[in-house]
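Participant: sequence and predicted structure, then a few things I'm wondering about:
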Amino acid sequence: MPKGFSEEEKKRVKQKLLDECKACWQKYGYKKTSVDMLCQNIGIAKGSFYHFYETKESLFYEVIVRIQEDLYEKVESRLKQDPSKIGVASALKEVYAEYIAHPFMYDNKSPDFLSFINKLSESQRRQLNENSYVGTKFMLNKPFLKLKVEEDLAISILSAMLNTIAHKDEMLSDPKAVFGFMIDHLIDDIFE
């Protein structure tokens, strides 16, 4: 760790790097966000960056993992408030709203996102995919839920609905309203 930083300062600098990375990723994209820009924006020397992260990609990877974890926490919180299939629908609407607010999270076919993904190790790419699958599977396997369809079909349906976000600009109606309508009408076909 960088000399001259107290433990409290190290935590603060790391959090600032994570926050700034997320903001810049959203505003400029992965490719246009440089280590120099991040360091300048939070007021640290470029050399200090490498005491926190080995590469730019390791910072971006941590950001996306934390975003996934935050989404799962929001889902869990919603399901604790309303442990029912209606709670699942509500949680998924929140996830969709987060995707709308942070488009870099879902636009995994864009050249910018692919550039990022291609710089990750195979294990990191696999972990991101597994986190998404395991998170959805965990949500579906609640004691208060009973599937009417096979689990993989339920996961695929929910994933397909969330993936409509990629076409939000082509929709004639508000994308959140479209997603809400789909989830509200399919929830009874997925869960008892």
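Facilitator: Yes, it's here.

Participant: which neighbouring elements make contact with the longest helix along the chain?
Facilitator: Secondary structure of the chain read by DSSP state H shows that its longest helix is helix 56-81. Identification of packing neighbours for helix 56-81 by 3 or more CB pairs under 8 Å, 6 or more residues apart in numbering; DSSP states H and E yields helix 7-28, helix 85-101, helix 122-140. Where you see a C-beta, it was placed from the backbone N, CA and C, and this is true even at glycine.

Participant: export the ones you listed to a markdown table and tack on mean neighbour count?
Facilitator: Converted to a markdown table, the helices and strands packed on helix 56-81 look like this (neighbours: other CB atoms under 10 Å):
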| stretch | mean neighbour count |
| --- | --- |
| helix 7-28 | 16 |
| helix 85-101 | 18 |
| helix 122-140 | 14 |
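
Participant: and residue 173, which of these is closest to it?
Facilitator: For residue 173, the closest of the helices and strands packed on helix 56-81 is helix 85-101, at 13.7 Å, according to CB to CB.

Participant: what comes into contact with that closest one?
Facilitator: 71, 74-75, 78-79, 81-82, 105-106, 139, 145, 158, 161-162, 165, 168, 175-176, 179-180, 183-184, 187-188, 190-192 (CB atoms under 8 Å, 6 or more residues apart in numbering).

Participant: mind checking which of those residues are buried?
Facilitator: Among the contacts of helix 85-101, the ones that count as buried by 16 or more other CB atoms under 10 Å are 71, 75, 78-79, 105-106, 139, 145, 158, 161-162, 165, 168, 175-176, 179-180, 183, 187, 190-191.

Participant: now the strand or helix carrying residue 47: buried residues?
Facilitator: Assigned by DSSP states H and E, residue 47 belongs to helix 46-52. Neighbour-count burial for helix 46-52 flags 48-49, 51-52 (criterion: 16+ other CB under 10 Å).

Participant: including distance to residue 149 and mean pLDDT, could the helices and strands packed on helix 56-81 go into TSV?
Facilitator: Below are these laid out as TSV (distance: least, CB to CB, whole Å; pLDDT from 0 to 100):
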stretch	distance to residue 149	mean pLDDT
helix 7-28	35	92
helix 85-101	13	89
helix 122-140	10	82
